[in-house]
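Enquirer: just the structure for this:
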Amino acid sequence: MKSTWLAVSLFSLAASTSYAGTVVCAGTVDVLSYHANGSFMVQLSSMNTPVFFCSADAEWLVAGTTFKTGPEACKMIYSTLLAAKSTGKAIANVYFDGDQVPGSCNTWGDWKAANIRHFLY
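Expert: So this is what the prediction gives:
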């Protein structure tokens, strides 16, 4: 009985912390843009369109993940991406999370948003 309860509890916990989608993209920064209301967009060479990834003015939270990006972290991520674009060096990987994340880097829909959980430059 105890092992059944433990298994059900662990399954419930795992289900409650799952994420809608994650895709890991890499490549050079092809597009880095600012959009109204303080939002930034990025498109790597492996991606088909730019994606909103944070706000310089407010905490960034998208549906489908519990990860958040504050304004200061946003500015740091933007400056790192700008350095990568300026030097032409590739980003090794960027983990995008959220409900609007596609199954692959080259199938993003227009005007989608995601949270950047991790990147390696």
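
Enquirer: going forward, measure contacts between C-alpha atoms and count neighbours the same way
Expert: OK.

Enquirer: can you pull out the strands in this protein?
Expert: Listed from the start of the chain, the chain has strands (DSSP state E) covering 22-27, 29-35, 39-44, 51-55, 91-97, 115-120.

Enquirer: for Val62, find the nearest of those strands.
Expert: Set against Val62 and scored by C-alpha to C-alpha, these come closest in strand 115-120, at 6.5 Å.

Enquirer: report all helices and strands that that closest one contacts.
Expert: Helices and strands touching strand 115-120, as assessed by 3 or more C-alpha pairs under 8 Å, 6 or more residues apart in numbering; DSSP states H and E, comprise strand 51-55, strand 91-97.

Enquirer: so which of those gets nearest Val24?
Expert: Between Val24 and those, the shortest separation by C-alpha to C-alpha is 4.5 Å, and it involves strand 91-97.

Enquirer: please identify the most buried of the helices and strands packed on strand 115-120.
Expert: Sort the helices and strands packed on strand 115-120 by mean neighbour count, taking mean count of other C-alpha atoms under 10 Å, and strand 51-55 sits at the top with a mean of 25.

Enquirer: and that strand, how far out from the chain's middle?
Expert: Shown here is strand 51-55, whose average C-alpha point lies 8 Å from the average C-alpha point of the whole chain (C-alpha atoms, centre = their mean, to the nearest Å).

Enquirer: what would the helices and strands packed on strand 115-120 look like in JSON lines with distance to Ala84?
Expert: JSON lines is the format used below for those (distance: least, C-alpha to C-alpha, whole Å):
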{"stretch": "strand 51-55", "distance to Ala84": "16"}
{"stretch": "strand 91-97", "distance to Ala84": "7"}
